[in-house]
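Undergrad: Here you go, sequence then predicted model.
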Amino acid sequence: MNQLTNLSSAEISAQHEQDAKDLTRILPASKKVYIEGSRPDIQVPMREISLTDTPTGLGGEHNPPIMVYDTSGVYTDPNVQIDLNKGLPSVRQKWIEERNDTDVLSGLTSKFGQERLKDIRTADIRFAHIQNPRRAKAGKNVTQMHYAKQGIITPEMEYIAIRENQRQREAVDMRQHPGQNFGAKNLKEITPEFVRQEVAEGRAIIPANINHPELEPMIIGRNFLVKINANIGNSALGSSIDEEVAKMTWATRWGADTIMDLSTGKNIHETREWIIRNSPVPIGTVPIYQALEKVDGVAENLT
């Protein structure tokens with residue numbers, strides 16, 4: 001891919017359009033399906049894989065499709081128009097707003113963030129649709145653990161329960177050998193209440209930042225499906241924003257449940273905004289790298 005810092009705004013947009021086409025190819029023998037929850041806006045994505053018939057002496061035995069966990073987001077949905085310049089559609093915006101425990105700031109409040117917005121050197125690489133930060137109202141706690149401890153089952157928890165089940169009740173392979181659980185709870189069905197209880201008791205976490213409403217809720221815990229993290233990141237020696245977004249989308253396409261952005265060097269803030277706005281999975285970061293950029297890499301100037 002081209003280095004975006006050497007391209008004009010029009011060329012960057014054209015490059016993103018081509019990237020979107022490359023990253024939205026439908027996976028082989030698969031189609032995107034959505035399982036609806038208790039409300040119309042809980043639409044949980046799954047990947048339905050078609051199987052070939054099993055040859056038999058009497059012809060062929062039909063094999064029904066199987067449903068698997070899908071981390072690829074709307075990139076593999078042919079009905080969604082992907083525009084990397086605008087970011088992904090919000091999954092959780094309505095859920096966050098209806099809890100009425102957050103406020104949206106009028107703009108960026110950090111001096112560094114305000115300076116970056118005015119810096120003409122970052123104009124061509126800056127994400128065009130920067131969201132104003134959201135924060136908890138005074139005295140409020142907006143974590144999924146807090147809601148869980150209050151006995152509240154959030155839409156995120158229901159979404160996760162449906163996702164973890166993978167429609168197993170309809171799967172024919174449930175007749176297989178149960179295996180050894182080594183102390184974990186192997187439930188036949190994950191319920192929203194079970195999700196809430198596991199989070200409330202500290203055995204699982206739901207990484208769902210209120211400033212990343214585009215992410216599709218997921219859970220990490222012993223009594224849930226194994227999750228895979230992918231590390232990406234640019235460096236002081238090379239890479240570009242365009243390439244980092246591509247790395248993220250390819251990682252989620254091949255099954256990454258979370259992304260750790262280990263970017264270093266210049267323009268970390270702009271790079272990260274592009275990644276987050278286009279990511280369907282939670283993004284982890286290394287704050288010290290961003291702090292170092294604020295002081296031009298001079299560690300002694302950190303405060």
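TA: Looks like it arrived, so ask away. From a predicted model like this one, the values you see are computed outputs, not experimental measurements.
Undergrad: Which secondary structure state is assigned to H146?
TA: Here H146 is helix, with the state taken from DSSP: H, G, I helix; E, B strand; the rest coil.
Undergrad: That one and R99, how far apart?
TA: 11 Å (CB to CB, to the nearest Å). For glycine as for every other residue, the C-beta is placed from the backbone atoms N, C-alpha and C.
Undergrad: A184 too?
TA: Separation of A184 from R99 (CB to CB) stands at 31 Å.
Undergrad: neighbour-wise, which of the two wins?
TA: Taking neighbours as other CB atoms under 10 Å, A184 and R99 compare with R99 leading, 15 against 11.
Undergrad: per-residue confidence at that one?
TA: R99 carries a pLDDT value of 97.
Undergrad: now it: how far from E36?
TA: 21 Å.
Undergrad: do T271 as well
TA: The spacing between T271 and E36, counted by CB to CB, is 35 Å.
Undergrad: neighbour count winner among these two?
TA: A count of neighbours by other CB under 10 Å puts T271 above the other of T271 and E36, at 24 against 11.
Undergrad: Contacts for the particular helix or strand that has that one in it, please.
TA: Following DSSP states H and E, one finds T271 within helix 268-277. For helix 268-277, the external contacting residues (CB atoms under 8 Å, 6 or more residues apart in numbering) are 84, 87-88, 112-113, 116, 122, 125-127, 129-131, 212, 214, 232, 234, 241, 244-245, 248, 259, 261, 263, 283, 285, 289-290, 293.
Undergrad: Sketch out the helices for this protein, chain order is fine.
TA: 9-23, 93-98, 111-118, 144-149, 155-165, 192-200, 241-253, 268-277, 287-294 (DSSP state H).
Undergrad: Between those, which has the poorest mean confidence score?
TA: Among the helices of the chain, helix 9-23 carries the lowest mean pLDDT, at a mean of 69.
Undergrad: Can you say which of the contacts of helix 268-277 are buried?
TA: Among these, the ones that count as buried by 16 or more other CB atoms under 10 Å are 84, 87-88, 116, 122, 125-127, 130-131, 212, 214, 232, 234, 241, 244-245, 248, 259, 261, 263, 283, 285, 289, 293.
Undergrad: Show the contacting residues for E36.
TA: By CB under 8 Å, 6+ apart, the contact set of E36 is 42-44.
Undergrad: how many neighbours does the nearest residue to V286 once chain neighbours are set aside have?
TA: Among residues not flanking V286 along the chain, L262 sits closest, at 6.1 Å (CB to CB, 6 or more residues apart in numbering). Using other CB under 10 Å, L262 has 14 neighbouring residues.
Undergrad: Could you do F182 as well?
TA: The number of residues packed near F182 is 7, by other CB under 10 Å.
Undergrad: So what does it look like in phi/psi?
TA: Dihedral pair for F182: phi 50, psi 40, per degrees, to the nearest 10.
Undergrad: buried sites along stretch 54-66?
TA: Neighbour-count burial for stretch 54-66 flags I66 (criterion: 16+ other CB under 10 Å).
Undergrad: typed the wrong thing, it's stretch 220-240
TA: Those would be 220-221, 223-225, 227, 230, 232-234, 239-240, for stretch 220-240 by 16+ other CB under 10 Å.
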